[in-house]
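> Let's see this in three dimensions:
(2 chains)
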2 protein chains.
Amino acid sequence: MSKTFNFVPGPTPIPDRINRRMAEPVLSHRSAEFSRLLERVSDNLRYLFQTQNDVLVLTASGTGAMEAAIVNLMSSGDRVVAIRAGKFGGRWVELCRTFGIDVIPVDVPWGEAVDPRQVETVLNASGSVTALLATHSETSTGVLHDIETLGKIAREHGCLFVVDSISGMGANELRPDDWNVDVVVAGSQKGLMLPPGLAFISMSTRAWEQTGKASIPSYYFSLKRAKDALLKGYTPYTPAVTLLSGLDEALAEVREIGLEAVYAHHARLAQATRAGIAALGLSLFARTPSNVLTSVALPSELNGNALLKIIKSECGVTIANGMDDYRGKVIRIAHLGYAVSPFDMLAAISALEYGLDKMGVMFDFGAGVAAVHRGLMQKR
Amino acid sequence: MSKTFNFVPGPTPIPDRINRRMAEPVLSHRSAEFSRLLERVSDNLRYLFQTQNDVLVLTASGTGAMEAAIVNLMSSGDRVVAIRAGKFGGRWVELCRTFGIDVIPVDVPWGEAVDPRQVETVLNASGSVTALLATHSETSTGVLHDIETLGKIAREHGCLFVVDSISGMGANELRPDDWNVDVVVAGSQKGLMLPPGLAFISMSTRAWEQTGKASIPSYYFSLKRAKDALLKGYTPYTPAVTLLSGLDEALAEVREIGLEAVYAHHARLAQATRAGIAALGLSLFARTPSNVLTSVALPSELNGNALLKIIKSECGVTIANGMDDYRGKVIRIAHLGYAVSPFDMLAAISALEYGLDKMGVMFDFGAGVAAVHRGLMQKR
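Residues are numbered from 1 along each chain as shown, chains lettered A, B, ... in the order given. This is a model prediction of the structure:
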């Protein structure tokens, strides 16, 4: 079997070093070794999140941490404003409605970033609001949202600011403490280069204060239980210990490399990939693109499903399809995690060129790969 | 570093075959390969659970699946009866109270199995009850409960029967369809020899019908969402894909070995271990012991914390401590999962003898190991 390439925006490829660590004998989650690991991981998560706040680890998908934010902060009947600029912004709205929260969606066309003035207008018209819910990097569209400006607006309106950075964390800068973000949610299977199964949530002092007023019941996702257990050196329920060992390794690697270098890596791969797309005469779908993935709006006559099938079956390269209404119309090429080599992006665009050619698209064959190469080497 | 031994009742040791599988490149959870894996796993889970019902996979600790049972089946104000014969029976009670359910606990002293007549008496006095909640193998005490008889009682009283078999599954026989069990909950880190991070829940037709009447909101743990997604070949949120690959391998192994042989393995190790304990003049803590673990009631003058510390630090052997009030007074030796060799039980009892001797306990040194040996070889 020939080597395959995976450019989906999570689960991302896992470095050998992390895989080897996860294959070590399983720790007992009631041992002193485990408590030391949990303490180290909690400390290093604060570095990754760039926050002095608590960062708690949950055994769940990222959606579990989103639910934890809702059920720990809200009461049924509370009003919140949620930015819905893609599938994952929509998840905030669905979650709120499930738990009886009066959610006011700020709808933004897929592919665009929210205009902060639109959020301001909605907040001005909404009366008292418990929280503003946003998405850092919207994985369904490849759009990066302006969290810093949104944070200022949330603070001016005296509401909590809750940000889903499940795919954004570690790829695009986020400064919760400087940007007034009270709650940040992230997952293991994105920039951290781990398998899915762990989710993370950071909580500011203001957010912890709010938990005292919240009345939606929670048990598995109770952050108070998680924090009480953490202070004693463990987790309230059996955690995904092998993933936590992998996390320990991944966070050590992030600290060794340094977060600035990790961001720069993602920016470099993103810029080179975008250059490749432009050189092929294709359009970016995202107006303000995230460094997590490059989303491409295909020409209307091109069948994206067929294109991706060719690329997968004939090149062994997996590129993600568009989601929901954009399936077959948008493709999404992730460059997420330090385990993706800059040279891998040559493979992505080479396979894309192969597929486009097979589909009968006319373009300057090789122009995309050359542009990626020049972009990576930062030469004109 | 010398080889170490782990006799805690989960997470259990992971066979190399499963570890290698989990280290393979991470699957995309939106690929055809993943859908095939999920279908195969769902089918094999029905074999493991010995049921024709749906068995759903959740990315969570076992407690997450317990919560799923509650929030999908109940409404606030519903009345249930829960057997509380240890820490994990207590978890049913805590979960119910969190979600506003009127829970009537049937309290049983730790170390004893519930007397089904006691449950009958409580149900007779309780009026209409939505469900009876029980524990198959109570990990905190090592006790096996009589699920078959309890199932008959639940049926006679017209209530659903919900069983936590998180540690019991695959080690002690359970026949949900013959024994009238509507909902069974299990976890990955026990008899399945996987790391923690996946939980399972089987649902009978009667249980699915009840979900239509239940009004506690659920999103992450919504079983309707999980089933709807499963019918399309995926999971509603990014699942722990590497653990699912390991599960695929573990279930294939269980089918190859056959469930009867897996049960027999656990029975053999349990009997030999109990024989070793008896030969040392120690008492079993569990009246009706589970084949998952052997819990030992230490003489009151013996400090269990110090004993386990010696065994861990000087022999590299981890034996579990008692829980809550029984910490330091009870020790728990697990023999859980096919990855535990019969010969490993010699190491467990040898290390225990070493520790007892160091602590100044007088006994026939070697009698425990000899009894384990004879037990394993089924010779007198």
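
> got the residues of the stretch 201-350 of chain A near chain B?
Along the stretch 201-350 of chain A, the residues adjacent to chain B under the rule C-beta under 8 Å from any C-beta of the partner chain are A:217-222, A:236-243, A:318, A:320-321. In short, each C-beta sits where N, CA and C put it, glycine included.

> Can you tell me which of those residues are buried?
Taking 16 or more other C-beta atoms under 10 Å in any protein chain shown as the criterion, what is buried in these is A:217-222, A:236-243, A:318, A:320-321.

> Could I get the full set of strands for the stretch 101-250 of chain A?
In the stretch 101-250 of chain A, the segments counted as strands under DSSP state E, counting those that start in this stretch are A:102-107, A:131-135, A:137-138, A:143-144, A:160-164, A:183-187, A:198-203.

> for the ones you listed, which one ends up most surrounded?
Of all the strands of the stretch 101-250 of chain A, strand A:137-138 has the most neighbours on average by mean count of other C-beta atoms under 10 Å in any protein chain shown, namely a mean of 32.

> Which residues does it contact?
Outside strand A:137-138, the residues that touch it by C-beta atoms under 8 Å, 6 or more residues apart in numbering or on different chains are A:85-89, A:143-145, A:165, A:167-168, A:171-172, A:290-292.

> same thing but at 6 Å, please
A:85-86, A:88, A:144, A:167-168, A:172, A:290, A:292 (C-beta atoms under 6 Å, 6 or more residues apart in numbering or on different chains).

> Contacts made by stretch A:317-324 with the rest, please.
A:5-8, A:87, A:140, A:308, A:311-312, A:327, A:329-333, A:351, B:28.

> now with 8 Å?
So stretch A:317-324 is contacted by A:4-9, A:86-87, A:140, A:285, A:293, A:295, A:304-305, A:308, A:311-312, A:327-334, A:347-348, A:351-352, B:28, B:30-31 (C-beta under 8 Å, 6+ apart).

> Can you show me the CA trace of it as PDB?
C-alpha atoms of stretch A:317-324 as PDB (Å, rounded to 0.1, in the frame of the first residue of the first chain):
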ATOM      1  CA  VAL A 317      -5.100  12.000  -1.100                       C
ATOM      2  CA  THR A 318      -8.100  12.900   1.100                       C
ATOM      3  CA  ILE A 319      -9.300  16.500   0.800                       C
ATOM      4  CA  ALA A 320     -12.500  17.400   2.700                       C
ATOM      5  CA  ASN A 321     -15.800  18.100   1.000                       C
ATOM      6  CA  GLY A 322     -17.900  21.200   1.600                       C
ATOM      7  CA  MET A 323     -20.500  20.800   4.300                       C
ATOM      8  CA  ASP A 324     -24.300  20.900   4.100                       C
END
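
> Residue A:224 and residue A:71, how far apart?
11 Å (C-beta to C-beta, to the nearest Å).

> now residue A:67: how far from residue B:380?
With C-beta to C-beta as the criterion, residue A:67 and residue B:380 are 57 Å apart.

> same check, this time on residue A:337
Residue A:337 is 60 Å from residue B:380, by C-beta to C-beta.

> Kindly report the same for residue A:14.
Counting by C-beta to C-beta, the gap from residue A:14 to residue B:380 is 52 Å.

> Equivalent analysis for residue A:11, please.
54 Å.

> Over to residue A:316?
Taken as C-beta to C-beta, the span from residue A:316 to residue B:380 is 61 Å.

> what about the residue of the stretch 251-380 of chain A found nearest chain B, which SS state?
For the stretch 251-380 of chain A, the residue closest to chain B is residue A:318, as judged by C-beta to the nearest C-beta, at 5.8 Å. The three-state label given to residue A:318 by DSSP: H, G, I helix; E, B strand; the rest coil is strand.

> out of residue A:337 and residue B:380, which sits in the busier spot?
The residue with more neighbours, out of residue A:337 and residue B:380, is residue A:337; 27 against 5, by other C-beta atoms under 10 Å in any protein chain shown.

> The more buried one in helix, strand or coil?
Once three-state DSSP is applied, residue A:337 turns out coil.

> residues in contact with it?
A:12-13, A:170, A:190-193.

> out of those, which touch chain B?
A:12-13.

> a markdown table for the contacts of residue A:337, including pLDDT?
Shown next, in a markdown table, are the contacts of residue A:337 (pLDDT from 0 to 100):
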| residue | pLDDT |
| --- | --- |
| A:12 | 92 |
| A:13 | 90 |
| A:170 | 94 |
| A:190 | 93 |
| A:191 | 90 |
| A:192 | 92 |
| A:193 | 91 |
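
> ranking the contacts of residue A:337 by neighbours, who comes first?
Busiest of those [other C-beta under 10 Å] is residue A:191, holding 31 neighbours.

> Do I have it right that it meets residue A:173?
No: here residue A:191 does not reach residue A:173: they are 11.8 Å apart, not a contact under C-beta atoms under 8 Å.

> Which stretches in chain A count as helices?
A:16-22, A:32-49, A:62-73, A:87-98, A:116-125, A:147-156, A:176-179, A:205-211, A:223-231, A:241-257, A:259-279, A:304-315, A:344-358, A:367-377 (DSSP state H).

> Pick the most buried one from those helices.
Scoring those by mean count of other C-beta under 10 Å, the most buried comes out as helix A:62-73, with a mean of 26.

> which other residues reach it?
Contacts for helix A:62-73 (C-beta under 8 Å, 6+ apart): A:58, A:60, A:91-92, A:95-96, A:99, A:101, A:130-131, A:160, A:162, A:164, A:166, A:183, A:185-187, A:196, A:199-201, A:207, A:210-211, A:214, A:216-218, A:221-224, B:59-60, B:219-220, B:236-238.

> quick one, it and strand A:160-164 angle?
170 degrees (axes from the mean of the first three to the mean of the last three C-alpha atoms, to 10 degrees).

> Make a markdown table from the helices of chain A and add distance to residue B:254 and mean pLDDT to it.
Below are the helices of chain A laid out as a markdown table (distance: least, C-beta to C-beta, whole Å; pLDDT from 0 to 100):
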| stretch | distance to residue B:254 | mean pLDDT |
| --- | --- | --- |
| helix A:16-22 | 22 | 94 |
| helix A:32-49 | 28 | 97 |
| helix A:62-73 | 28 | 98 |
| helix A:87-98 | 35 | 98 |
| helix A:116-125 | 53 | 98 |
| helix A:147-156 | 47 | 98 |
| helix A:176-179 | 45 | 98 |
| helix A:205-211 | 42 | 98 |
| helix A:223-231 | 32 | 98 |
| helix A:241-257 | 20 | 96 |
| helix A:259-279 | 41 | 97 |
| helix A:304-315 | 32 | 97 |
| helix A:344-358 | 37 | 97 |
| helix A:367-377 | 47 | 97 |
